[in-house]
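Trainee: Give me coordinates for this.
(4 chains)
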There are 4 protein chains.
Amino acid sequence: MIKVGIIGAGRIGRVHSESITKYVKGAEIKAISDVRVTDELKEWAKGMGIPYVYEDYNHILQDPEIDAVLVCSSTNTHAPISIAAARAGKHVFCEKPVDPDKDKIREVLAEVEKAGVKFQVGFNRRFDHNFKAIKDRVVAGDIGEPHLIRVTSRDPDAPPIEYVKVSGGLFFDMTIHDFDMIRYLSGSEVTEVYAAGGVLVNPEIGKAGDIDTAVITLKLANGAIGVIDNSRKAVYGYDQRAEVFGSKGAVQTKNDTDSTAVYSCEAGVIAEKPKYFFLERYMQSFASEISCFVDSVVNDKPTLVNGNDGLQPVLIALAAKKSLEEGRPVKISEVA
Amino acid sequence: MIKVGIIGAGRIGRVHSESITKYVKGAEIKAISDVRVTDELKEWAKGMGIPYVYEDYNHILQDPEIDAVLVCSSTNTHAPISIAAARAGKHVFCEKPVDPDKDKIREVLAEVEKAGVKFQVGFNRRFDHNFKAIKDRVVAGDIGEPHLIRVTSRDPDAPPIEYVKVSGGLFFDMTIHDFDMIRYLSGSEVTEVYAAGGVLVNPEIGKAGDIDTAVITLKLANGAIGVIDNSRKAVYGYDQRAEVFGSKGAVQTKNDTDSTAVYSCEAGVIAEKPKYFFLERYMQSFASEISCFVDSVVNDKPTLVNGNDGLQPVLIALAAKKSLEEGRPVKISEVA
Amino acid sequence: MIKVGIIGAGRIGRVHSESITKYVKGAEIKAISDVRVTDELKEWAKGMGIPYVYEDYNHILQDPEIDAVLVCSSTNTHAPISIAAARAGKHVFCEKPVDPDKDKIREVLAEVEKAGVKFQVGFNRRFDHNFKAIKDRVVAGDIGEPHLIRVTSRDPDAPPIEYVKVSGGLFFDMTIHDFDMIRYLSGSEVTEVYAAGGVLVNPEIGKAGDIDTAVITLKLANGAIGVIDNSRKAVYGYDQRAEVFGSKGAVQTKNDTDSTAVYSCEAGVIAEKPKYFFLERYMQSFASEISCFVDSVVNDKPTLVNGNDGLQPVLIALAAKKSLEEGRPVKISEVA
Amino acid sequence: MIKVGIIGAGRIGRVHSESITKYVKGAEIKAISDVRVTDELKEWAKGMGIPYVYEDYNHILQDPEIDAVLVCSSTNTHAPISIAAARAGKHVFCEKPVDPDKDKIREVLAEVEKAGVKFQVGFNRRFDHNFKAIKDRVVAGDIGEPHLIRVTSRDPDAPPIEYVKVSGGLFFDMTIHDFDMIRYLSGSEVTEVYAAGGVLVNPEIGKAGDIDTAVITLKLANGAIGVIDNSRKAVYGYDQRAEVFGSKGAVQTKNDTDSTAVYSCEAGVIAEKPKYFFLERYMQSFASEISCFVDSVVNDKPTLVNGNDGLQPVLIALAAKKSLEEGRPVKISEVA
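Mentor: Residues are numbered from 1 along each chain as shown, chains lettered A, B, ... in the order given. Next comes the predicted model:
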């Protein structure tokens, strides 16, 4: 049984807290910190059985009983907190992206390595039952050599413009998961990226300097070709599908729904829409990624999403951004 | 190349004519007869390239060039015309049911046997791609021993009350196909029937002495159990599904649709309704049954739906009717 | 926050314990009892945070702090323990069947009523996402008047012969859930039952006096017809489907799978088999039924599966058994 | 009733002949020509009821009774024969591609316009039930503004290397249909193309100067983005899917299969593979395109696939080829 501290009590920090309380054998939460400690937070922590609530995360880092921390604070603090935690000898689970700046990520990775602690990045979709089922087929050799990897990733609605302005853009706040998925499913590194994009959902997004619709082509080291299509707004809900096609066959996933019920009436044969958004769709994967992280710590195993897995999607996103700006394919080596 | 005469130029007579003209290698239509020869019929026959149109079907039976006849006239004439045709040495394709009276069917079968001609009954669904795919799995042994056979058969709308009054009732005009399907898919004879039914669609059907909704349980000689559910009216269209379940697995079919298109929108994920009714749904099977009949004639093979296949569903329908009237399971031997 | 005692620490007792610990807001387990208190049980209870473990369930009934009990002991003790609990003023959640003897059930219901405590029976499938989606459509009026209700319920493998000998038979240990489902989905009472059955899976089951394959037709008070098909062994896994068909449309459910992945290869287009058995398939419903029970207790609401819901399926099972033995449809009034 | 001549009696010439004979009202074939008139061809033509068989197609062009010709000869003769036919006053149905050389296509279009004859190009997939169902949704406004158009087009096996050497390459012999489909489904012109490709199926294809796997991104005049993925070899069969996603929803199609049968067994839940190849998959569309062409001629309507529809996909293919060679996106204006 290890003791865990959670840094950041926003939405994702609480999701992980609930997962640990409900599903994760072998870990308990000793403390949570947040820059704003409200009565509501104290009440919530009490209900969850979390003994300590701090404003200053250093209390967590200085607690010798705490084995591992989950960095769930705002993105710009991921890197410094991860470094501080590693230096304090804590194992680190860090939400994605580690940092939008590749050099800061490398700094984190260097510190983690020096400290000899475990480091896992929050690419939760790798732990999703559907994507995992694809990966299992690939690993089992059922697909043969991968030739094409397709990811469809469309949100049910665009985020507020204020978020768009600070998120780093579509490639960093949304496609980053898909970049990771292409690497995960193919088992190969991306070498070159070409991004086509447009502002088709909401002109305000364009005014904020971002796009809302994209098709990204990715060349992989093993010769396979990846392709991602993104939209900020699918009116029918969160569209999360993938396919790997290769020399021996193909495997593809459909969207999850709340039930399998199909209603036949004069208007047609109507199935349910996809589960609404990431909290509904990926809840199981959030619990699973933390279980695996705890398992890595407890049993001294490598983490399943390591430092390089945190770095590469950011490099791909940088290349995609440059590709879009310059209207040409961009090699990862140009931005690495 | 054999020459064929068609007796009865109603809907099904014309369906078979078109099939022969378009799809059936090895047969051509020399003549068609109908009790009412209109200008429209003559025009239609000309367009189809059918040389002769008669009012009296005896002209067909007396034509030595004609090898085979298709009996597509009204149900009450199926038996006498089939007998006359067999006596004239013509091979006979007879629409279902051969006759609602089991003794008349036996008379036909005796005459056919005496004449040594081919005899095929129009249970077209055996030639349908979906039902055939089930049968192929059963015959290949993929299902193992059959345990359960389920047939769902629901019409898109109830027929006119005038038709209901003379059709012989649901079991004879509609379920008769499903009785045949249970025998075909199971490869076994029905020994006992229990029918539950009601008037839920339209009270006028009840006043006409019929039911519009039914569940029929059938015990089979091989120990398997069949079950059919019927409705005169499925608002979403013609619902035609079947399943065979056995010791090694199960095979089931879905409805055919005009396209595979699925539309995702705010209201749901909407697929197409089943093809509207039997002409849309079973057109391929009508062509295929005639091709097989012609093949039996040309190559002197047994027909794929023989005289006994014409008799048994009528016996089952008689048992179902008696079961419904008496509120108890009825053995086929009680009505045979 | 109510305190709960669990009587019986077998499989289902532990399933409910985990549900309460993980998912049920507003309840905590104070004690668990079992006729055999092993070290393993003590260890397990400790891990679950359950303070007390007793051999004698009377310690639970006598604890004034405990508000409600879950009766998860062996079937023959359900009735007496439920009665004792009601007399002790505890709210009762009782696993199904309350008792195979209708008179004992009535006795329980009388005592429960006298005591004025909540009483819920463990028909968990009503809380399943798929069956609930059907019910929601029915309640919303989307189906119109129900005409046909179909339930397919097939186990992945037959239970041990020792179990078959004491379970009361297929209708009591397996179909009982389906009888409940027909009532739940139709919103109507069963008035008459006809059961056809056979021994097709394993002759040992026949020697033990039971059947392993059945089709049961049920007439309902509202005129609709229900039909259930059962098998003790579906080699492809736990087959749990249902359909309600009515004047305005139909709604049907498919099986749940571990993922939506579909593998296309030379052998075909292969989807996953259904989730293996009831623990995998219905885990969410077990949690949900307990949540609802706790909600009924805390907020003084009627339970969603009441005493009559415990009685009726047993009456239907009695009628089904009599029908099978006597080869005729049996009215519920004959066995009530 | 118009009279038709067919030039070229290879596979596609015979497919069209059969379509006209079986399905096309209002047209009959008077003559067929081929550079090699064999006894087999004469026999086949006789069986089809085609009165004349010529070696020299000029006999067809000079026959004043013939209203329209179908140009089904080898690709390099499409343009000169189409021009000769137009000059002879015949309406022209020309197989795709009209010519790999854009200037020759323009020459054909100029001659056709001068002659005032109908001209239709053989992009048969526009007439396919599935793609048409997508188009119908787009035209009905159900998709809103199109944002993304995806086409998956994978052959069941690579063609012989000898064919690869002369076909003009993947973009001209295979993707050309998909380029047309993107235009058809989006209702917009392609303005820029980026092609990523590789040799993953068979190194011999690479030696022959071609690729066998590709992902092509297409920017459209209306702002939407198209993406095509191609493979020369899908071991599970002919994979032909498409999707249009827009502001109001999305519509996508699945593959057609020979039956809807699904087999559940210990190995999984197995559906059928897609129909094998284009002759099986697209037969209905071949008949439909000719029916529409005949309708255009008989009723003096514009053809549904006009001269520009023949030209644009060739320009897109030229841009795709240049893009692949130069590793950059290429504007259609660069190659037009």
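Trainee: how close does A:Ser167 get to chain D?
Mentor: A:Ser167 sits 20 Å away from chain D, going by CB to the nearest CB, to the nearest Å. Placement of C-beta: from N, CA and C, glycine included.
Trainee: name the element the closest residue in space to A:Ile211 that isn't next to it in sequence belongs to?
Mentor: Excluding the flanking residues, the one nearest A:Ile211 by CB to CB, 6 or more residues apart in numbering or on different chains is A:Gly197, at 3.8 Å. Secondary structure assignment for A:Gly197, by DSSP states H and E: strand A:190-198.
Trainee: Need the residues that contact that strand.
Mentor: A:170-171, A:179, A:182-183, A:211-221, A:226, A:312, A:316, A:319-321, A:323-324, A:328-333, D:147, D:194, D:196, D:217, D:219, D:223-225, D:329 (CB atoms under 8 Å, 6 or more residues apart in numbering or on different chains).
Trainee: mind checking how far that strand is from the chain centre?
Mentor: Its chain's average C-alpha position is 19 Å from that of strand A:190-198, according to CA atoms, centre = their mean, to the nearest Å.
Trainee: Which secondary structure elements does the helix or strand just after it sit against?
Mentor: Using DSSP H and E, the helix or strand that directly follows strand A:190-198 along the chain is helix A:203-207. Under the contact definition 3 or more CB pairs under 8 Å, 6 or more residues apart in numbering or on different chains; DSSP states H and E, helix A:203-207 sits against helix A:161-166.
Trainee: Can you spell out which helices and strands pack onto the helix it packs on?
Mentor: Here helix A:161-166 touches helix A:203-207, going by 3+ CB pairs under 8 Å, 6+ apart.
Trainee: buried stuff in the helix it packs on?
Mentor: A:Ile205 (16 or more other CB atoms under 10 Å in any protein chain shown).
Trainee: same thing with stretch A:48-58?
Mentor: The neighbour-count check on stretch A:48-58 (16+ other CB under 10 Å) flags A:Ile50, A:Val53, A:Tyr54, A:Tyr57 as buried.
Trainee: May I have the beta-bridge partners of the third one?
Mentor: In this structure, A:Tyr54 has the following beta-bridge partners (DSSP bridges): A:Ser33.
Trainee: How about the contacts made by the most centrally placed residue in chain A?
Mentor: With distances taken as CA atoms, centre = their mean, the residue of chain A nearest its centroid is A:Phe123 (3.1 Å). A:Phe123 makes contacts with A:Lys96, A:His177, A:Asp180, A:Tyr184, A:Glu289, A:Val305, A:Asp309, A:Pro313, as judged by CB under 8 Å, 6+ apart.
Trainee: Pop the domain breakdown of chain A in here.
Mentor: Segmentation of chain A into domains, based on the TED database, reads A:2-117, A:126-276+A:312-334.
Trainee: Chain C versus the residue nearest to A:Ile211, what's the distance?
Mentor: With CB to the nearest CB as the criterion, A:Gly197 and chain C are 28 Å apart.
Trainee: my guess is A:Leu41 meets A:Ser33, correct?
Mentor: No. Contact criterion CB atoms under 8 Å: A:Leu41 and A:Ser33 do not qualify, at 10.0 Å.
Trainee: so what sits against both of the two?
Mentor: Residues touching both A:Leu41 and A:Ser33 by CB under 8 Å, 6+ apart: A:Ala9, A:Val53.
Trainee: Sort out which residues of stretch A:30-47 are buried, please.
Mentor: Buried, per 16+ other CB under 10 Å, within stretch A:30-47: A:Lys30, A:Ala31, A:Ile32, A:Ser33, A:Asp34, A:Val37, A:Leu41, A:Trp44, A:Ala45.
Trainee: List the contacts of A:Glu266.
Mentor: B:Val235, B:Tyr236, B:Lys273, C:Gly249.
Trainee: so the second one, which of the three states?
Mentor: It refers to B:Tyr236. Under DSSP: H, G, I helix; E, B strand; the rest coil, B:Tyr236 falls in the coil class.
Trainee: list the contacts for it?
Mentor: A:Ser264, A:Cys265, A:Glu266, A:Gly268, A:Val269, B:Lys273, B:Pro274, C:Gly249, C:Ala250.
Trainee: If I look at the residue nearest to the second one when sequence neighbours are not counted, what pLDDT would I see?
Mentor: If I follow you right, that is A:Cys265. The shortest distance from A:Cys265 to any non-neighbouring residue, by CB to CB, 6+ apart, is to C:Gly249 (3.5 Å). For C:Gly249, the pLDDT comes out at 98.
Trainee: For C:Gly249, list the residues it contacts.
Mentor: By CB under 8 Å, 6+ apart, the contact set of C:Gly249 is A:Tyr263, A:Ser264, A:Cys265, A:Glu266, B:Val235, B:Tyr236, C:Asp142, C:Ile143, C:Gly144.
Trainee: Buried ones only from the residues you listed, please, as a PyMOL command.
Mentor: In PyMOL, this line selects whichever of the contacts of C:Gly249 come out buried by 16+ other CB under 10 Å:
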select buried, (chain A and resi 263+264+265) or (chain B and resi 235+236) or (chain C and resi 142+143)
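Trainee: Can you tell me which of the contacts of C:Gly249 is closest to chain D?
Mentor: A:Ser264 (15.0 Å; CB to the nearest CB).
Trainee: ok but the closest one is inside a strand, no?
Mentor: Yes. A:Ser264 forms part of a strand when assessed by three-state DSSP.
Trainee: Can you tell me who it pairs with across the strands?
Mentor: Counting by DSSP bridges, A:Ser264 forms beta bridges with A:Val269, C:Ala250.
Trainee: Need the three-state assignment for whichever residue of the stretch 1-150 of chain A sits closest to chain D.
Mentor: Of all residues in the stretch 1-150 of chain A, A:His147 sits closest to chain D, at 4.6 Å by CB to the nearest CB. Secondary structure of A:His147, reduced to three states by three-state DSSP: strand.
Trainee: Tell me, how many residues neighbour it?
Mentor: 27 (other CB atoms under 10 Å in any protein chain shown).
Trainee: What parts of the stretch 201-336 of chain A come near chain B?
Mentor: Those residues of the stretch 201-336 of chain A that sit near chain B, judged by CB under 8 Å from any CB of the partner chain, are A:234-236, A:239, A:263-273.
Trainee: which one of those residues is nearest chain C?
Mentor: A:Cys265 (3.5 Å).
Trainee: How much space separates the closest one from A:Lys25?
Mentor: For A:Cys265, the distance to A:Lys25 (CB to CB, to the nearest Å) stands at 46 Å.
Trainee: So which bits of chain A are right by chain C?
Mentor: So far as CB under 8 Å from any CB goes, chain A lies against chain C at A:22-23, A:129-130, A:132-134, A:137, A:142, A:248-256, A:258-266, A:272.
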